[in-house]
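K.L.:
3D model of this:
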Amino acid sequence: MKILVCDNLEKKVIEKLSELGEVTSISDSKTKTEDLISNIVDTDIVVIRSSTKINKDILQEANKLKIIARCGVGIDNIDIEEATNKEIYVTNSPNANIISVAELTIGLIISAARNIHTSNNSLKDKNWDRNKFLGTELYKKQLGLIGFGKAAREVAKRLTAFGMEIVFYDPYVEASEDEANKVELDELLKTSDVISIHVVKNEETKNMINDEKLNLIKKGGILVNTSRGGIVDEVALFQRSSDDVIFAGLDVFSKEPPDINKTFSTSNIVTTPHLGASTQEAQLRAGLEIVQNISDILNGELSSVINI
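P.N.:
Numbering: from 1, shown residues only. Below you'll find the model as predicted:
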């Protein structure tokens, strides 16, 4: 059993994978795409994170591939249709980074609400501008969650402790018993002081927060996205942020890395380079969850397979 590891994994995860088969790693390769194509020909299992793309061209070379294991949640870097056509199982680790994503979300919200990023930069430039950075409390403000899955619920749980009122929009979730009220998307955008996005990226959600939807957000509202890039119309968002209409926190972008000149042209957007799952705990959990998924699939247990 040959296992190809394309991205960095913790030592403990590599050791566990080695118990399942012969492990080859190209995570540090400077010619990763070429090495991936040459190695995948006789590989049984490929393990990736978000940076490695498994597209149709690569899959056409995969003569023996049985499993694509994605350490993390998003699968938009995998050609699911082609994998399914070739009867290759795709599995991911949706539970591993929930806490880490929730905590980063809250960090971005607080930074935007209290001007932490801009005041930090100002002070480092030797300016003492206390009056310039008047912020806002979260207490008794409304938090609107777009998507109400596991990560969103962890955000809601924590910000309830801040005294925030919680509403959510999710067409696939019934009215909640979690002290959060279900509302329509337009109402959420119009009434919420803070809006946080927690949806998968697909044809339904692509560019769902477009120019028209951004127009509904109240002046001074905060919009945070730690889910996937391409859900928010970034060009329209940058314009409204430049006009002091919307403050934003972005961990993900439609193109990664993003156009730095556009992304950082306004001080009203706090950004991080896709760090949602970048904690020691989440990385280890994701790897171990994937090892367990692979072991289960090899033993005929397919509950973690997402394309059957």
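K.L.:
for the stretch 201-308 of the chain, what are the low-confidence residue spans?
P.N.:
261-265 (pLDDT under 70).
K.L.:
that one: strands as residue ranges?
P.N.:
221-225, 246-250, 269-271 (DSSP state E, counting those that start in this stretch).
K.L.:
tell me the strands beside the shortest one, with direction?
P.N.:
So that's strand 269-271. Sheet pairing of strand 269-271 (DSSP bridges) gives strand 246-250 (parallel).
K.L.:
show residues contacting the partner strand.
P.N.:
Contact with strand 246-250 is made by 105, 108-109, 111-113, 214, 217, 220-226, 232, 234, 237, 240-241, 263, 268-272, as judged by C-beta atoms under 8 Å, 6 or more residues apart in numbering. Quick note: C-beta positions are derived from backbone N, CA and C, even for glycine.
K.L.:
circling back: mean neighbour count for the strands of the stretch 201-308 of the chain - can I get that in CSV?
P.N.:
Formatted as CSV, the strands of the stretch 201-308 of the chain follow (neighbours: other C-beta atoms under 10 Å):
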stretch, mean neighbour count
strand 221-225, 26
strand 246-250, 26
strand 269-271, 21
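K.L.:
looking at the ones you listed, which is closest to I209?
P.N.:
Closest approach to I209 among the strands of the stretch 201-308 of the chain is made by strand 221-225 (7.4 Å; C-beta to C-beta).
K.L.:
is it true that L104 lies in a helix?
P.N.:
Yes: according to DSSP: H, G, I helix; E, B strand; the rest coil, L104 belongs to a helix.
K.L.:
surely it meets G276?
P.N.:
Yes: if you go by C-beta atoms under 8 Å, L104 and G276 touch, sitting 5.4 Å apart.
K.L.:
give me the mean pLDDT for stretch 104-115.
P.N.:
Average pLDDT, stretch 104-115: 97.
K.L.:
use 24 as the first number from now on
P.N.:
In the new count, where the first residue is 24, that last one comes out as stretch 127-138.
K.L.:
so what touches that stretch?
P.N.:
139-140, 156-161, 174, 178, 181-182, 217, 219, 245, 247, 249, 270-274, 291, 293, 295, 298-299.
K.L.:
ok, now with 7 Å
P.N.:
Residues from elsewhere that reach stretch 127-138 (C-beta atoms under 7 Å, 6 or more residues apart in numbering): 139-140, 156, 158-159, 161, 178, 181-182, 217, 219, 245, 247, 249, 270-272, 274, 293, 295, 298-299.
K.L.:
re the thing from before, any shared contact partners between L127 and G299?
P.N.:
Counting by C-beta under 7 Å, 6+ apart, the contacts common to L127 and G299 are T249, D274.
K.L.:
can you list phi and psi of F191 for me?
P.N.:
phi -150, psi 160 (degrees, to the nearest 10).
K.L.:
contacts only, for it.
P.N.:
With C-beta under 7 Å, 6+ apart, F191 has these contacts: L168, F171, A175, S199, A203, K205.
K.L.:
does the second one touch P194 like I think?
P.N.:
What that stands for is F171. No: shown here, F171 and P194 do not form a contact pair, counting by C-beta atoms under 7 Å, at 10.1 Å.
K.L.:
so for those two, which sits in the more crowded spot?
P.N.:
Neighbours were counted for F171 and for P194 using other C-beta atoms under 10 Å; F171 has more, 24 against 9.
K.L.:
doesn't that one belong to a strand?
P.N.:
No: read with three-state DSSP, F171 is coil and lies in no strand.
K.L.:
distance-wise, check it relative to S52.
P.N.:
According to C-beta to C-beta, to the nearest Å, F171 stands 40 Å off from S52.
K.L.:
please, where are all the helices along this structure?
P.N.:
Taking DSSP state H to define them, one finds helices in the chain at 34-41, 55-63, 79-83, 103-108, 121-137, 139-147, 173-183, 208-214, 234-237, 257-265, 283-286, 303-321.
K.L.:
using CSV, list the CA coordinates for the last one.
P.N.:
Read that as helix 303-321. What follows is helix 303-321, C-alpha atoms only, in CSV (Å, rounded to 0.1, in the frame of the first residue of the first chain):
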residue,chain,number,x,y,z
GLN,A,303,-1.0,22.9,16.8
GLU,A,304,-4.1,21.3,18.1
ALA,A,305,-6.2,21.5,14.9
GLN,A,306,-3.3,20.3,12.7
LEU,A,307,-2.8,17.2,14.9
ARG,A,308,-6.5,16.5,15.2
ALA,A,309,-7.0,16.8,11.4
GLY,A,310,-4.1,14.4,10.7
LEU,A,311,-5.3,11.8,13.2
GLU,A,312,-8.9,12.0,12.0
ILE,A,313,-7.7,11.4,8.5
VAL,A,314,-5.6,8.4,9.6
GLN,A,315,-8.7,6.9,11.3
ASN,A,316,-10.8,7.6,8.2
ILE,A,317,-8.3,5.8,5.9
SER,A,318,-8.2,2.9,8.3
ASP,A,319,-12.0,2.7,8.3
ILE,A,320,-12.3,2.8,4.6
LEU,A,321,-9.7,0.1,4.1
